[in-house]
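**Student:** quick one, structure for this:
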Amino acid sequence: MTPEDFASLLTPEGRALLDPLRDYDPAQELAVATRLRRDHPAGLVSAALGQARLRQRAVAKFGAEDAFRMYFTPGGGEMATRASVASYRAERLAALGVRSLADLCCGIGGDALALARLGIRVLAVDRDPLTVAVARANAEALGLADLIEVREADVTEVDVSAYDAVFIDPARRGGRGRVFDPESYSPPLSWAVATARTARIAAIKIAPGIPHEAVPGEAEAEWISDQGDVKEAVLWFGTSPGTVRATLLPGPRGLATPDPLPDPPAGPVGRYLYEPDGAVIRAHLVAEVAEQLDGRLIDPTIAYITADELRATPYATAYEITDVLPFGLKRLKALLRERGVGVLTVKKRGSAIEPEELRRKVKPQGPNAATVFLTRVAGAPSMLIGAPAPSPGR
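**Tutor:** The predicted model follows:
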């Protein structure tokens with residue numbers, strides 16, 4: 001889609017064509033396109049159908065109310081911050097007293113929209129003409145244009161000194177897919193950190209897999225999950241230097257410390273197994289959760305916590321374990337058949353076996369359900385079988 005194609009969607013004809021496509025079935029695209037081309041230019045029809053598909057996909061990230069009013073590019077929708085995460089970050093920035101912010105590498109404007117909804121004035125900058133046009137259209141579509149200035153520019157050349165805070169979201173994808181080296185971000189992480197150091201408050205969005213040793217000493221490092229899935233990591237400047245934080249959404253629920261505990265000891269598998277939230281694992285705060293649960297690791301290298309008593313925690317999911325066995329497909333298949341297990345949830349950590357491969361080989365059948373953990377216990381390949389534990393007190 002070119003900027004010209006996108007501009008055609010913003011005309012009265014384009015809007016009138018796009019809005020009724022909210023619930024169209026992409027499987028019927030050929031028939032729909034043929035019908036619409038009788039009354040509209042082929043290029044406009046193609047742009048509208050493409051935008052309708054992008055809006056449908058964006059519902060999971062932005063919610064239906066916003067997604068069907070917003071505009072997207074194929075890559076922009078995929079890379080944009082999830083609305084729940086953007087709202088959480090905007091609330092934190094507002095609580096820090098931020099009233100104006102420079103959003104560098106703004107993309108389609110997901111973060112800028114969340115900030116403006118809290119009354120924060122935003123300069124949203126991106127160098128791609130189409131992305132800038134989409135971000136500007138989104139600000140207008142959601143009634144936030146008075147608070148969001150969208151500018152086409154190289155972010156490395158923008159003066160941000162007039163703003164309370166800076167938010168930087170470097171591109172982490174290249175022509176060959178995801179970029180894992182922070183210095184291969186666009187712009188590089190070193191530039192982002194240098195820029196952040198000039199602001200009173202700054203936040204840099206980074207990949208969750210960033211090595212802890214790459215975190216600057218004066219930064220706070222936060223890992224964020226939503227509904228149990230790790231979404232991103234953020235380096236904060238001007239907040240709590242050296243603090244490591246795991247934030248779980250919805251909530252938010254937070255676990256933070258400037259001095260993480262050493263790894264807890266490993267011991268025998270107890271009655272309960274706790275699977276820490278991914279943000280907790282990424283933040284290296286498993287020991288803090290183990291201490292809360294009076295638990296231990298099942299293996300020094302595996303982030304599963306075990307305990308003899310069931311305790312409530314928002315930072316891990318609890319399972320009641322019935323069997324701890326050496327790994328063996330024949331033994332597992334026989335046990336599942338004996339118990340009539342047809343619904344099998346497979347989890348793995350420290351095992352080379354893929355869940356789908358295991359299901360294919362054991363062929364679960366029957367009315368019952370079970371969870372099997374493929375992991376290591378005291379260094380040995382093992383199978384832990386159980387089910388989600390009831391809430392404590394039930």
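**Student:** now do the same contact list for the closest residue to Val155 other than its chain neighbours.
**Tutor:** Leaving aside its chain neighbours, Val155 sits nearest to Leu104 (4.1 Å; criterion: Cβ to Cβ, 6 or more residues apart in numbering). Glycine gets a C-beta too; all of them are placed from N, C-alpha and C. The neighbours of Leu104, taking Cβ atoms under 8 Å, 6 or more residues apart in numbering as the test, are 125, 155, 158, 160, 166-169, 195.
**Student:** now do Ala196
**Tutor:** 166, 168, 202-204, 219, 235, 237.
**Student:** quick one: secondary structure of Ser84?
**Tutor:** Judged by DSSP: H, G, I helix; E, B strand; the rest coil, the three-state class of Ser84 is helix.
**Student:** returning to that earlier point: most widely separated two among the contacts of Ala196?
**Tutor:** Val166 and Ala219 (13.2 Å; Cβ to Cβ).
**Student:** higher neighbour count, these two?
**Tutor:** Taking other Cβ atoms under 10 Å, Val166 and Ala219 do not tie; Val166 has more neighbours (28 against 23).
**Student:** right, and Phe62 touches Gly110 too?
**Tutor:** Yes - Phe62 is in contact with Gly110 according to Cβ atoms under 8 Å; the separation is 7.4 Å.
**Student:** what's the separation between Gly50 and Leu9?
**Tutor:** With distances taken as Cβ to Cβ, to the nearest Å, Gly50 is found 9 Å from Leu9.
**Student:** what's across from the residue nearest to Val155 in the sheet?
**Tutor:** Val125, Ile168 (DSSP bridges).
**Student:** okay, it and Leu18: tell me how far apart.
**Tutor:** Using Cβ to Cβ, Leu104 is found at 30 Å from Leu18.
**Student:** check Arg69 too.
**Tutor:** 11 Å.
**Student:** phi, psi for the closest residue to Gly228 other than its chain neighbours please.
**Tutor:** Of all residues not flanking Gly228 in the chain, Asp277 sits nearest, at 6.3 Å (Cβ to Cβ, 6+ apart). Here is the backbone geometry of Asp277 (degrees, to the nearest 10): phi -60, psi 150.
**Student:** with Thr301 instead?
**Tutor:** Here is the backbone geometry of Thr301 (degrees, to the nearest 10): phi -110, psi 0.
**Student:** who's in contact with the closest residue to it other than its chain neighbours?
**Tutor:** Leaving aside its sequence neighbours, Thr301 sits nearest to Gly350 (Cβ to Cβ, 6+ apart; 6.5 Å). Residues in contact with Gly350 (Cβ under 8 Å, 6+ apart) are 299, 301-302, 375-376.
**Student:** make sure Gly350 is indeed in a helix.
**Tutor:** No - counting by three-state DSSP, one finds Gly350 to be coil, located in no helix.
**Student:** local confidence estimate at it?
**Tutor:** According to the prediction, Gly350 has pLDDT 93.
**Student:** against Pro268, how distant is it?
**Tutor:** Remark: distance between Gly350 and Pro268 (Cβ to Cβ) = 17 Å.
**Student:** quick revisit: ok, of the contacts of Ala196, which one's closest to Gly340?
**Tutor:** Leu235 (50.1 Å).
**Student:** all strands for the stretch 101-250 of the chain, in order.
**Tutor:** All strands of the stretch 101-250 of the chain, identified by DSSP state E, counting those that start in this stretch, fall at 121-126, 148-152, 165-168, 173-174, 177-178, 201-206, 220-226, 229-237, 244-249.
**Student:** lowest average pLDDT across these?
**Tutor:** The weakest mean pLDDT among the strands of the stretch 101-250 of the chain belongs to strand 173-174, with a mean of 66.
**Student:** okay, Arg69 and Leu18: which has more neighbours?
**Tutor:** Per other Cβ under 10 Å, whichever of Arg69 and Leu18 has more neighbours is Leu18, with 20 against 16.
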